[in-house]
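> Fold the following and give me the result.
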Amino acid sequence: MNRTNSKKISCLTFILIFGFLGTRCATPTRKEEVKTYPKDYVYSLREISLEKVFNENRGLKVIEENATTVDDYYRGGVQEKEEGEKLLKEGRWVEARKQFEKSNRFLRVVLKYLPQDEAYRIVYEGQTVIFLPNLLIADNDLKLITVYKSLKEDDKAAQAKAEGQQYLAKSQESVKTEWAIQTQKGFKDQ
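Numbering: from 1, shown residues only. Prediction:
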């Protein structure tokens, strides 16, 4: 081995050792307290809202081809939903439909492995996120009803309503939120 390769290996070893030690130091050592709530507790919009879910999942964009974990798929589903919401507000029906449908595809993968909603789920290194894949699909379907009606696809609107109500019921079995109550009212108004 020549001197240049030896220096590269020494430098790489140094970086790896200190990088490992740095991550160990940055890892929290205390356990966070997890609040417990009664089974019939209804989480307010101040505690759990769509905007909070969006804020927790912003950052590096998850692409379907690169998603490998349930957390990746959840984050990707939320990111696609956020984009769909923006397009819906702009009245860009076709693009919004694609985003909401893509969000639902991501979230259905999540539900294969973790079928129940959780108010707060610990994902990694003690980080907690609002984890509501069923409610997110129901909310997407509620938005898709508006999109499909605007595109004169009434049969798809009826299908989205039926599907959305099923996901909403599944969500409410495990977590009760004001957001779900609003979504339920939205389905009744359709």
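> Show me where the protein has its helices.
Using DSSP state H, the helices found in the chain span residues 3-26, 50-56, 70-89, 93-113, 133-150, 154-174, 178-189.
> So which bits of the last one are buried?
With burial defined by 16 or more other CB atoms under 10 Å, the residues of helix 178-189 counted as buried are W179, A180, T183, Q184, G186, F187. C-betas here are computed from N, CA, C, even on glycine.
> Which members of those residues define the maximum pairwise distance?
Checking the buried residues of helix 178-189 against each other with CB to CB, the farthest-apart pair comes out as W179 and F187, at 13.1 Å.
> what mean pLDDT does stretch 174-188 have?
Average pLDDT, stretch 174-188: 97.
> In PDB, please show the C-alpha coordinates belonging to it.
These are the backbone C-alpha positions of stretch 174-188, laid out as PDB (Å, rounded to 0.1, in the frame of the first residue of the first chain):
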ATOM      1  CA  SER A 174     -58.500   3.500  17.600                       C
ATOM      2  CA  VAL A 175     -58.300   7.300  18.000                       C
ATOM      3  CA  LYS A 176     -61.000   9.900  18.400                       C
ATOM      4  CA  THR A 177     -60.200  13.400  17.100                       C
ATOM      5  CA  GLU A 178     -62.100  16.600  16.300                       C
ATOM      6  CA  TRP A 179     -60.500  16.400  12.900                       C
ATOM      7  CA  ALA A 180     -62.300  13.000  12.300                       C
ATOM      8  CA  ILE A 181     -65.500  14.500  13.500                       C
ATOM      9  CA  GLN A 182     -65.100  17.300  10.900                       C
ATOM     10  CA  THR A 183     -64.300  14.800   8.200                       C
ATOM     11  CA  GLN A 184     -67.400  12.800   9.100                       C
ATOM     12  CA  LYS A 185     -69.500  16.000   8.800                       C
ATOM     13  CA  GLY A 186     -67.900  16.500   5.400                       C
ATOM     14  CA  PHE A 187     -69.000  13.100   4.200                       C
ATOM     15  CA  LYS A 188     -72.600  13.700   5.400                       C
END
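> Between the helices of the chain, which one is closest to I122.
Scanning the helices of the chain with CB to CB as the criterion, the closest one proves to be helix 70-89, at 10.8 Å.
> Enumerate the positions of that closest one that are buried.
Of the residues in helix 70-89, those scored as buried under the neighbour-count criterion (16+ other CB under 10 Å) are 70-85, 87-88.
> list the helices and strands the lengthiest strand in the chain packs on?
Using DSSP state E to assign secondary structure, the strand with the most residues in the chain is strand 118-124. For strand 118-124, the elements it packs on are strand 127-131, judged by 3 or more CB pairs under 8 Å, 6 or more residues apart in numbering; DSSP states H and E.
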